[in-house]
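Colleague: Sequence and predicted model, in that order:
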Amino acid sequence: MQRSQSWSVVVPLSDTDLEASASPDELRDGIVAALTSDLGDGVVDSHVVSGDDVWVRVTAESWVAAGQALHRRGFTYFCFLSAIDWMPSPYGRGEDDPSADDDGDDTVDEMRPGYTGGDTRFQLLARVVDPQRHVGVTLKADVPEAADGSLAMPTWVPVYAGANWHERETAEMFGIAFIGHPDPRKMYLPGDFEGHPLRKDFPLLARMVKPWPGIVDVEPMPEKDEAAEGGAADDNATGETDGGATS
Amino acid sequence: MWAEPSAGYMHRGYEKLTEVRTFPQVTSLINRIDWLGSFANEVPFILAAEKLMDIEAPPRAQHIRTILFELSRIANVGLFLGDLGVQMGAVTPVFMAFRDREYVLNLIEGATGGRFHPNFDRIGGLKDDLPKGWIDETKQVMKKLRRFCDEIDDLLFGNEIFQSRMRGVGVIPSDIALQYGLSGANLRASGVEWDLRRDQSLPMAWDKVDWKVWTHPDGDSWARCWVRLQEVRESTKIVDQLLDTIPAGPVMAKVPRIIKVPEGEAWVSTENPLGEMGYYVVSKGDLGPFRVKIRSASFNNMSIAPWVLKGVYVPDIITILASLYFILGDIDR
């Protein structure tokens, strides 16, 4: 059994985290190298957190080939398949005070992709695991948008049979069609449901009609209680504490 | 024979709802995914948030987390063992299961205040320390649960009818099980020796005690139930050992009162009562997550149903579905 050191030795809120990035992770670097040799230019980018996890972004064209290559290399366990909509929600976070919505800058509204970058609004996300070596890979792929705004990706079902339900869920939640899927019905939603609920521009109507009292939830405790609690959480309270409570 | 499960009647949209919650608020939602083992649902999400924040719970909190995690498993799978009899017309075991699960729920309530939805796990530790006398009482209950397992073993697993309805029925070979992403006891019953409690590095206490990963080579309904029975027994042993070695110290790390999770992505999964339960958490440095993908065990475990139910006899559907063991909230989320 392999024990990683990167995550298990960290003391609470330490700011000396240099050893995590210093030690190379041969196992996970090897996975990236193997995948690159299989797919060539199909691998766009990769991100290895030593001793913890690895992300690989492939092109949409090599999405199926990447699954096949990983399956061939022992990643036989299918964990999940889903998608991410990287567009920031136009409706804010629900608990924000609707009357104070102009905070002066629009920096929040730009689209920032996560690990391994990305050029499109939607990204597919899948994780497969090698049950012998106990190591998993998270695959990502940009989902290209057609001229009419439709999204389509090839299906993984012939490679991993378990992708069937996951792709049905992803299709209805994000509006990504899976070409070649054997059973492209909706998974959860009624057949005549319109819209794709996990897209960021799909409003959560319950929040639209009645703002969540979340700002009240994060109000600081009364002074008396803070003193009595004895420093479990108080000492480290930073400047943003007050800012968060009142914004 | 051909069958197709139809999901969605319990879909609550937790993945969407997490986008309008702060990190500490999410645990009260995800409690309700697998409602028989609620505490175990909270742990992987909290671990993912802690991973992004680069903090770790103090050793005492890790220890108590593991104990409560295993108690969730005992409450959950213990009820499964009793329910198994009902599926085949044997009514007695389920009464025994409800009787003995009550002891475990009392313990969970004693420690957390909630019987089904503890909402006890916090980023950086636990809400509270254990109450006085809890450790001794837990030891007594573990003895009761081991006796319950022996009773079920005699009453059900030693029963001729039970055996003939279970053996050789609903066989899932290991390569098919892996392809569909079966996890937990379902996968181990197909001969794959893989347990996320042992085979990954988590800030939990499983590596500090001596226990065994049970597998079965047959992959049939019998094997899946048998592995679960052994796992409940093993869990009681894990809890016993952990109770003797709880380290002293605080149960909460120093975390800011308003929790902002730094930008990043993290995947953490744990070996929950139903199988692999994981959260893919994407944070943008806000009070709440940007996206949470919830990977629940029953979703994958049930996706094999069309495959395994093809061509079986109608009465076998009952035992196969019972042995796959799913919880509706864990399929639909």
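Modeller: Now that the structure is in, tell me what you want to look at.

Colleague: List the residues that contact residue 162.
Modeller: This is for chain A. By CB atoms under 8 Å, 6 or more residues apart in numbering or on different chains, A:Gly162 lies in contact with A:78, B:179-181, B:300, B:303-304. Using the backbone N, CA and C atoms, a C-beta is placed for each residue, glycine as well.

Colleague: Chain B was what I was after
Modeller: Counted by CB under 8 Å, 6+ apart, B:Phe162 has contacts B:85, B:88, B:90, B:156.

Colleague: Try it again at 10 Å.
Modeller: B:84-85, B:88, B:90, B:93, B:155-156, B:222, B:225, B:319 (CB atoms under 10 Å, 6 or more residues apart in numbering or on different chains).

Colleague: domain ranges for chain A?
Modeller: A:18-204, A:213-247 (automatic domain parsing).

Colleague: So which of those is the most surrounded?
Modeller: domain A:18-204 (a mean of 18; mean count of other CB atoms under 10 Å in any protein chain shown).

Colleague: That one - what's its average pLDDT?
Modeller: The pLDDT scores in domain A:18-204 average 82.

Colleague: Turn the contacts of A:Gly162 into TSV, columns for secondary structure and distance to B:Leu130.
Modeller: As requested, those are arranged in TSV below (DSSP: H, G, I helix; E, B strand; the rest coil; distance: CB to CB, whole Å):
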residue	secondary structure	distance to B:Leu130
A:Phe78	strand	39
B:Gln179	helix	42
B:Tyr180	coil	39
B:Gly181	coil	36
B:Asn300	helix	34
B:Ser303	helix	39
B:Ile304	coil	39
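
Colleague: List just the nearest of those residues to B:Glu19.
Modeller: Proximity of the contacts of A:Gly162 to B:Glu19 (CB to CB) peaks at B:Asn300, which lies at 23.4 Å.

Colleague: wait, isn't the closest one in contact with A:Glu169?
Modeller: No. Between B:Asn300 and A:Glu169 there is no contact under CB atoms under 10 Å: 11.5 Å.

Colleague: what residues are shared contacts of these two?
Modeller: Here B:Asn300 and A:Glu169 have A:Phe80 as joint contacts, going by CB under 10 Å, 6+ apart.

Colleague: Pull up the distance across stretch A:37-44, start to finish.
Modeller: Start-to-end span of stretch A:37-44 (CA to CA, to the nearest Å) is 13 Å.

Colleague: now swap in stretch B:164-180 and tell me
Modeller: From start residue to end residue, stretch B:164-180 stretches across 27 Å - CA to CA.

Colleague: anything in it near chain A?
Modeller: Yes. Judged by CB under 10 Å from any CB of the partner chain, stretch B:164-180 comes into contact with chain A at B:174-180.

Colleague: Just the buried ones from those?
Modeller: Buried subset of these (neighbour count, 16 or more other CB atoms under 10 Å in any protein chain shown): B:174, B:176-180.

Colleague: which residues of chain A fall in strands?
Modeller: Secondary structure of chain A, counting by DSSP state E: strands at A:43-49, A:53-58, A:77-85, A:122-130, A:135-142, A:151-154, A:176-179.

Colleague: will you turn these into a markdown table that also has distance to B:Glu263?
Modeller: Listed next are the strands of chain A as a markdown table, based on distance: least, CB to CB, whole Å:
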| stretch | distance to B:Glu263 |
| --- | --- |
| strand A:43-49 | 13 |
| strand A:53-58 | 14 |
| strand A:77-85 | 14 |
| strand A:122-130 | 16 |
| strand A:135-142 | 16 |
| strand A:151-154 | 25 |
| strand A:176-179 | 25 |
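
Colleague: Figure out which of those is closest to chain B.
Modeller: For the strands of chain A, proximity to chain B was assessed by CB to the nearest CB; strand A:77-85 is nearest, at 4.2 Å.

Colleague: Adjacent strands (with direction) for that closest one?
Modeller: strand A:122-130 (antiparallel) (DSSP bridges).

Colleague: what about the stretch 51-200 of chain B, any weak spots by pLDDT?
Modeller: For the stretch 51-200 of chain B, applying pLDDT under 70 flags no range at all.

Colleague: Around chain A, pick out the residues from it.
Modeller: B:51, B:53-58, B:122, B:124-125, B:174-183, B:187, B:192-196, B:198-200.

Colleague: Sitting in helices, which of those residues do you find?
Modeller: Among these, DSSP state H puts B:51, B:53, B:174-179, B:187 in helices.

Colleague: Any chance of CSV for these, columns distance to A:Val137?
Modeller: Conversion of these to CSV gives the following (distance: CB to CB, whole Å):
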residue, distance to A:Val137
B:Lys51, 17
B:Met53, 24
B:Ser174, 20
B:Asp175, 19
B:Ile176, 21
B:Ala177, 19
B:Leu178, 15
B:Gln179, 16
B:Leu187, 19
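
Colleague: Excluding chain neighbours, what is closest to B:Tyr280?
Modeller: Setting aside the residues directly before and after it, B:Tyr280 is nearest to B:Lys293 in space (CB to CB, 6 or more residues apart in numbering or on different chains), at 3.9 Å.

Colleague: To clarify, my last question referred to A:Ser62.
Modeller: A:Gly42 (3.0 Å).

Colleague: what's the closest of the strands of chain A to B:Thr215?
Modeller: B:Thr215 lies closest to strand A:77-85 among the strands of chain A, at 15.1 Å (CB to CB).

Colleague: Contact partners for B:Ala61?
Modeller: Going by CB under 10 Å, 6+ apart, B:Ala61 touches B:121-122, B:124-127, B:129, B:203, B:205, B:247, B:249-253.

Colleague: okay if I get the buried ones among the residues of stretch B:164-180 next to chain A as TSV plus distance to B:His216?
Modeller: Formatted as TSV, these follow (distance: CB to CB, whole Å):
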residue	distance to B:His216
B:Ser174	11
B:Ile176	16
B:Ala177	12
B:Leu178	16
B:Gln179	19
B:Tyr180	18
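
Colleague: Nearest to B:Ile30 among these?
Modeller: Closest to B:Ile30, out of all of these and judged by CB to CB, is B:Tyr180, at 23.4 Å.

Colleague: any idea how far B:Ile64 is from chain A?
Modeller: The spacing between B:Ile64 and chain A, counted by CB to the nearest CB, to the nearest Å, is 15 Å.

Colleague: Give the next helix or strand downstream of the helix or strand containing that residue.
Modeller: Using DSSP states H and E, B:Ile64 falls within helix B:59-87. Reading on from helix B:59-87 to the C-terminus, the next helix or strand found by DSSP H and E is helix B:92-112.

Colleague: Just give me the neighbour total for B:Leu126.
Modeller: 25 (other CB atoms under 10 Å in any protein chain shown).

Colleague: same deal with B:Thr66?
Modeller: Neighbour tally, B:Thr66, other CB under 10 Å: 24.

Colleague: cool, B:Pro306 as well?
Modeller: Count around B:Pro306 with other CB under 10 Å applied: 16.

Colleague: Excluding chain neighbours, what is closest to it?
Modeller: By the measure of CB to CB, 6+ apart, the closest residue to B:Pro306 outside its immediate chain neighbours is B:Glu4, 5.5 Å from it.
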